[in-house]
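[1] The sequence and its predicted three-dimensional model are supplied below.
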Amino acid sequence: MAAGIIGTLAGIGSTLDHRGWRAMAAPRYDAVVSGCDVVDGDTLRCGGERIRLVGIDAPEMPGHCRPGRDCAPGDPYAATATLSAMVRASMPIERYGEDKYGRTIAALEGANGDLSCAQLRGGSAIYKPQWDDALHVARTCPDVIA
């Protein structure tokens, strides 16, 4: 037990939070991206890299919600504009992997803090726990998913 407590204090290891989720150390943005353009409410293109924000789903642009898919409700143009307003010239990024479309799954820190959290707070996206790699959103902004 002492090793678990010491590991958690040192930023390694984990503990269970009140929902039974494994809470880990705060994200450590390990790189910086620049020259990002917003594709839609949860996707950006930074140079040649397509980046999908971790843990959220924003409304799809017209014609992009395939039949039988449960797409996020709302205005895709407003979600895109909201995300665009938060993009900075360069932003810290924490990469978690790739999705089935070859996009990088990542957390980005923009003008209003974490972009996934900001999109949730503004009502421009919905939380998708099954897409929350390393419980990034659950750890970073638990107030918007509680």
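    It's in.

[2] Looks like residue 116 contacts residue 56 (just checking).
    Yes. Proximity of residue 116 to residue 56 meets the contact threshold set by C-beta atoms under 8 Å, at 4.8 Å. The way it works is simple: take the backbone N, C-alpha and C, and place the C-beta from them, glycine included.

[3] Quickly list what's touching both of the two.
    42, 125, 137 (C-beta atoms under 8 Å, 6 or more residues apart in numbering).

[4] what sits up against stretch 100-116?
    Contacts for stretch 100-116 (C-beta under 8 Å, 6+ apart): 27, 29, 33, 36, 42-44, 49-56, 83, 85-88, 91-99, 118, 125, 131, 133, 136-137, 140-141.

[5] If we go by neighbour counts, what in that stretch is buried?
    Neighbour-count burial for stretch 100-116 flags 103-110, 114-116 (criterion: 16 or more other C-beta atoms under 10 Å).

[6] From the opening residue of it to its closing one, how far?
    Stretch 100-116 has its terminal residues 19 Å apart, counting by C-alpha to C-alpha, to the nearest Å.

[7] That one: how far from the chain's middle?
    Mean-position distance between stretch 100-116 and its chain equals 5 Å (C-alpha atoms, centre = their mean, to the nearest Å).

[8] and if you look at stretch 70-86?
    14 Å.

[9] Residue 59 should be in a strand, yeah?
    No. Counting by DSSP: H, G, I helix; E, B strand; the rest coil, residue 59 is not part of a strand but coil.

[10] Are any of the contacts of stretch 100-116 buried, and if so which?
    27, 29, 33, 36, 42-44, 50-56, 83, 86-87, 91-96, 118, 125, 131, 133, 136-137, 140-141.

[11] Mind checking which of the residues you listed land in strands?
    Among those, DSSP state E puts 33, 36, 43-44, 50-53, 56, 91-96 in strands.

[12] Among the residues you listed, find me the one that's closest to residue 64.
    The nearest member of those to residue 64, counting by C-beta to C-beta, is residue 43 at 10.7 Å.

[13] looking at it, the closest one is touching residue 50, isn't it?
    Yes. Residue 43 lies in contact with residue 50 (C-beta under 8 Å); the separation is 6.6 Å.
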